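K.L.:
This is the structure alone, sequence omitted:
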């Protein structure tokens, strides 16, 4: 049965090749339909709750993805606050706002003269000059001038652009009102005007550290875009618009959308270069081993057909080419080549014995069919297990690579024999045979063969130190694994010298951070009235305000509150409006009982003649008023008696102030005020805003958080400006300090909800009216805190999340809140966590599946375990190295575990299967071991060398994930090769009786 496929291919070789060619053409026809997805957000499924919530937050607060453009001036004494730099920034802003699609379909922007006046339109063509780049753009369906949506509208959302020319300047117009102006209404023409803009910007907590750097050396423009797919082209547009800027104004472009989209564009270039370069390197290595062009074309054809058919299937099924699936060719090529190299190696070494192509092929396939089948099945199991992860692109990647692996095995069993039969000339094989007879060594391979024979002798004779060394390496690997850091950062997908990485470093050194997360806060049960709690609050406030002056009235009021609380304590019977009406009626009665007398008393005092008025005469006059209750007279007398030094007008004024202090305390006013406070929206309540202020302060204290912004910052700044008093000239120093302290006291959250509401009304009427509602909802029930991080590392975001959870536990809010995160930086943490857990589950489950398969293959528990040892050691050492060198456990590293599973077991299966066969033939493990380190070890070594060295071109790629794959492919191959050829013979030597005594020696 195992020869069925090969027999068919040898019987109908031309038919088979025709079918393969037709299938390849069919799948390649799908390539024009290709679509690309560069968005790591799609690592989460569309219905993932955190992703759904993220989009809800963006819609609720009108948030968009930004392209961040930083302008840095390190040479001017005032940094970017000089007329020239600010004029260029203003011009760039106006050009971006004027972007439109011209009649030719190309982008057009307005042109401005040095004074900022519009002088015409300018057409821009962003197509590259390089013909190679143009070809790649066509091949990968990338249109550099795509800056407009289907309706021809600009991809830039102009109304939401954040730049000095289009953000509000929160500044006093007159006492109690704010100016309606932008921070930079026009470009400054003098140094003095530039410094005024600086002062206004630096005095606004929303702008310092976000719009302008606190060192005054940089300004950031935040360009909102409709979709992330426009970010690369918008960045290209900005570079085009700033090409004529002087070197003193350095322009840097960064932000997660730009990093992700740029990676996607450069990923396409790597797809077109790295895989072919790796293929070329493999081809050269194959030639160095086999010295026969016609012979080595077969494995390259297998690899190319496998990759083309797999990618064609992926595209044909409607899947986007994602960051993961762009690496299918990289992962599939070594696996596709592996089986072919085993066949070629055996064929190359055994042909001289048979002198017949068909007989040699049948002999080789007869020996290799079973181990190659099981290595294929184990590799398929490894990659197919990725289909169980909760990350859609990883699922697509794993299942399609599994398909490609199966196809590569099928082609190795059929295409390679058919190719050898048809296209490898008998004459060349005859020369191979003659060359073999002339070899001084017993088998072809020269130095490598001699090295392997010596290695075999060493492995069997020195088995004790080898086992001890392996044990020591495992211990070191465990230490390394314990140090692994799970982390990813899309910006770190670029090499350190890449312009994205450079911009990231520069701007994060100047600003609060270019990585944004959104912390949203909403009341857990909004709109629900807790009558019990409200009555307790009102009772306490009434005691505080009226307890000393109207104790009896306070008791009456509190008794009424208790009555209402009992009546309306059930939700079904709650009637807040009726309770309020009853309280107002009671308050009117209490005011009548309390303030009426004091008003009458004030009238009497007001008509007194201040001439010769003393405390004694005032007391006598009040005592003579029969209609005034005694307790009121005594209260006035006791208070006035303390001011015995006063007479005349001063005494009269003091008495009137005392009566006013009583008449000002109105129960009706108190009820209305409390009703406003208790029914105010969540984030108009001063206690909630102060809690938010404290929460911001805690977040900002984190070393990875550069800055936070919320509606509280706007509120405090507006309150300060609305109440600001300019000190008059000629004040003494202590008087000036008093003015400053007075003004600074208003840089705070107002004490009442009504006062808060009045300030917010002023902010709602600013020139850029909707800017406030990026931070708070229009009903003031929910708030949004912008958290800026100086690093996009997932572990830093995770630290902030964990720290906040601890803070909320220790410091619960006055009102129960639902606190949730959103933003691209947070989404990356979620999918990274899901990926790691999914990969671990996948690796463990596939490890168990492969172990069972090994036991079934060898019909031996011991051999099954032995087959898994190289895999286990390879995984442990590879991941130990990751931990020891401080390499982050990121997406490419996680996926490499599936590749390790296939390739490491491949070598072990071939070694153990041939060892059993040779031991069966010779009856001696020692003799079998010597034979093992000839053809079998040669085939394993050739495979390891070809794959390890063949993918070193990936180390030259500008994208770190490709470098990672190249490095760890070489590491995996090296460790797997060492574990197989050192450890397995070293273990089999002391276990030979147990191992070979339990082997089923029947011919399969």
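P.N.:
Yep, that arrived. Remember, predicted model here, so these are calculated numbers, not experimental data.

K.L.:
how about residue 189, what does it touch?
P.N.:
residue 83 (Cβ atoms under 8 Å, 6 or more residues apart in numbering). Backbone N, C-alpha and C define where each C-beta goes, glycine included.

K.L.:
how much space between it and residue 985?
P.N.:
84 Å (Cβ to Cβ, to the nearest Å).

K.L.:
ok, the closest residue to residue 649 other than its chain neighbours - contacts?
P.N.:
Spatial nearest neighbour of residue 649, excluding adjacent residues (Cβ to Cβ, 6 or more residues apart in numbering): residue 610 at 4.7 Å. Shown in contact with residue 610 (Cβ under 8 Å, 6+ apart): 648, 649, 651, 652.

K.L.:
ok so the last one is a helix residue?
P.N.:
So that's residue 652. Yes. Counting by DSSP: H, G, I helix; E, B strand; the rest coil, residue 652 is part of a helix.

K.L.:
secondary structure class for the residue lying closest to it once chain neighbours are set aside?
P.N.:
Excluding the flanking residues, the one nearest residue 652 by Cβ to Cβ, 6+ apart is residue 610, at 4.8 Å. For residue 610, the assignment made with three-state DSSP gives coil.

K.L.:
what sits up against the host helix or strand of residue 798?
P.N.:
For residue 798, the host element (DSSP states H and E) is helix 794-810. Applying Cβ under 8 Å, 6+ apart, the contact partners of helix 794-810 are 485-489, 515, 517, 519, 695, 698-699, 702, 704-705, 787, 789, 819, 821, 825-826, 828-829, 832-833.

K.L.:
Quick check: buried residues in that helix?
P.N.:
The neighbour-count check on helix 794-810 (16 or more other Cβ atoms under 10 Å) flags 794, 795, 796, 797, 798, 799, 800, 803, 804 as buried.

K.L.:
Following the lowest-mean-pLDDT helix or strand in the chain in sequence, what is the next regular element?
P.N.:
One helix or strand of the chain scores below all others by mean pLDDT, DSSP states H and E: helix 426-438, with a mean of 63. Downstream of helix 426-438, the next assigned helix or strand under DSSP H and E is helix 447-461.

K.L.:
Show me how far that next one is from its chain's centre.
P.N.:
Relative to its chain's centre, helix 447-461 lies at 50 Å (Cα atoms, centre = their mean, to the nearest Å).

K.L.:
could you say what helices and strands that helix packs with?
P.N.:
Under the contact criterion of 3 or more Cβ pairs under 8 Å, 6 or more residues apart in numbering; DSSP states H and E, helix 447-461 touches helix 925-932, helix 935-950, helix 984-988.

K.L.:
Of those, which shows the lowest average pLDDT?
P.N.:
Ranked on mean pLDDT, the bottom entry among the helices and strands packed on helix 447-461 is helix 935-950, at a mean of 84.

K.L.:
which outside residues touch that one?
P.N.:
Helix 935-950 is contacted by residues 278, 281-282, 285-286, 289, 334, 337-338, 341-342, 345-346, 349-350, 443, 445, 448-449, 452, 455-456, 903, 906-907, 910-911, 914-915, 969-970, 973-974, 976-977, 980-981 when judged by Cβ under 8 Å, 6+ apart.

K.L.:
any idea how far it is from the chain center?
P.N.:
Distance of helix 935-950 from the chain centroid (Cα atoms, centre = their mean) equals 39 Å.

K.L.:
Residue 181 is nearest to which of the helices and strands packed on helix 447-461?
P.N.:
The closest approach between residue 181 and any of the helices and strands packed on helix 447-461, judged by Cβ to Cβ, belongs to helix 935-950 at 64.4 Å.

K.L.:
The helix or strand following the closest one vs helix 935-950, what angle?
P.N.:
Next in sequence after helix 935-950, counting helices and strands by DSSP H and E, comes helix 960-978. In terms of direction (axes from the mean of the first three to the mean of the last three Cα atoms, to 10 degrees), helix 960-978 departs from helix 935-950 by 160 degrees.

K.L.:
Enumerate every residue touching the residue at minimal distance from the centre of the chain.
P.N.:
Taking Cα atoms, centre = their mean as the criterion, residue 828 is the residue nearest the geometric centre of the chain, at 2.8 Å. Going by Cβ under 8 Å, 6+ apart, residue 828 touches 40, 488, 489, 490, 792, 794, 797.

K.L.:
Can you verify my assumption that the second one contacts residue 887?
P.N.:
It stands for residue 488. No. With contacts counted by Cβ atoms under 8 Å, residue 488 stays clear of residue 887, the gap being 11.6 Å.

K.L.:
the more surrounded of those two?
P.N.:
Relative neighbour count places residue 488 above the other of residue 488 and residue 887, with 26 against 17, counting by other Cβ atoms under 10 Å.

K.L.:
Phi first, then psi, for the more buried one.
P.N.:
phi -150, psi 160 (degrees, to the nearest 10).

K.L.:
same question, the one 4 residues further on
P.N.:
According to degrees, to the nearest 10, the main-chain angles of residue 492 amount to phi -80, psi 0.

K.L.:
how about low-confidence regions in the stretch 451-600 of the chain?
P.N.:
527-531, 568-576 (pLDDT under 70).

K.L.:
count of residues packed around the closest residue in space to residue 181 that isn't next to it in sequence?
P.N.:
Nearest residue to residue 181, sequence neighbours excluded (Cβ to Cβ, 6+ apart): residue 169, at 5.1 Å. For residue 169, the count of nearby residues is 22 (other Cβ under 10 Å).
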